[in-house]
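[1] Have a look at this prediction, sequence included:
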Amino acid sequence: MLNDEPLAYFITWTVYGTFLQGDERGWRKRGRGEQNAQPKLAEWRRERLKHPIELLNEPQRRVVESEIERLAEYRGWRVWAKSARSNHVHTVISAHGVAGSVVRDQLKANCTRELRTHWDQFIDRPVWTTGGDWQCVNTEDELEQVVVYVTVAQDRKEFDALQRGRTGR
């Protein structure tokens, strides 16, 4: 392993149309990092979508997670964690000697192929937002944190949101 090579990559990509520039949840601008909400920009982007948003259902999410595992095994990569959600995908993966952007793009391409093989609504349209995010995980502490985030915190966020909805808080 090279001295400057990360232990793993924390990779995230989103379903087409679900996280637009200007989004109220925050967004990242290439080369400039985190950005504040810009509602007019988000609305402008939303109006220009060329296809309807297709959220992933449970069987589709299972196919995405299975394809992440399959490709990693084929390439000799290690999957530490994966979580396909209705509107985005997270994975933590070690791929020595391969850039994070390459790992991300190969995962997205293979997941797209599998979704199109099984569900016609993904044919002739984008499945994912262009690009996506990848961050280097350089220490064992960081690795533990991102694995917990992907495997536990995502479900906790959904549970907390449901609880807030029921109690009105």
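    The structure has been received and is ready for your questions.

[2] could you point out which element follows the helix or strand encompassing residue 67?
    Assigned by DSSP states H and E, residue 67 belongs to helix 58-75. Next helix or strand after helix 58-75 toward the C-terminus (DSSP H and E): strand 78-84.

[3] Within its sheet, name the partner strands of the helix or strand just after that following strand and how each one runs.
    Using DSSP H and E, the helix or strand that follows strand 78-84 in sequence is strand 88-94. If you go by DSSP bridges, strand 88-94 pairs up with strand 8-14 (antiparallel), strand 78-84 (antiparallel).

[4] Buried ones in the host helix or strand of residue 144, by neighbour count?
    Residue 144 belongs to helix 140-148 when elements are defined using DSSP H and E. For helix 140-148, a neighbour-count test (16 or more other Cβ atoms under 10 Å) marks 142-143, 146-147 as buried. Placement of C-beta: from N, CA and C, glycine included.

[5] Which positions in the helix holding residue 67 come out as buried?
    So for helix 58-75, counting by 16+ other Cβ under 10 Å, buried means 60-61, 63-65, 67-68, 71-72.
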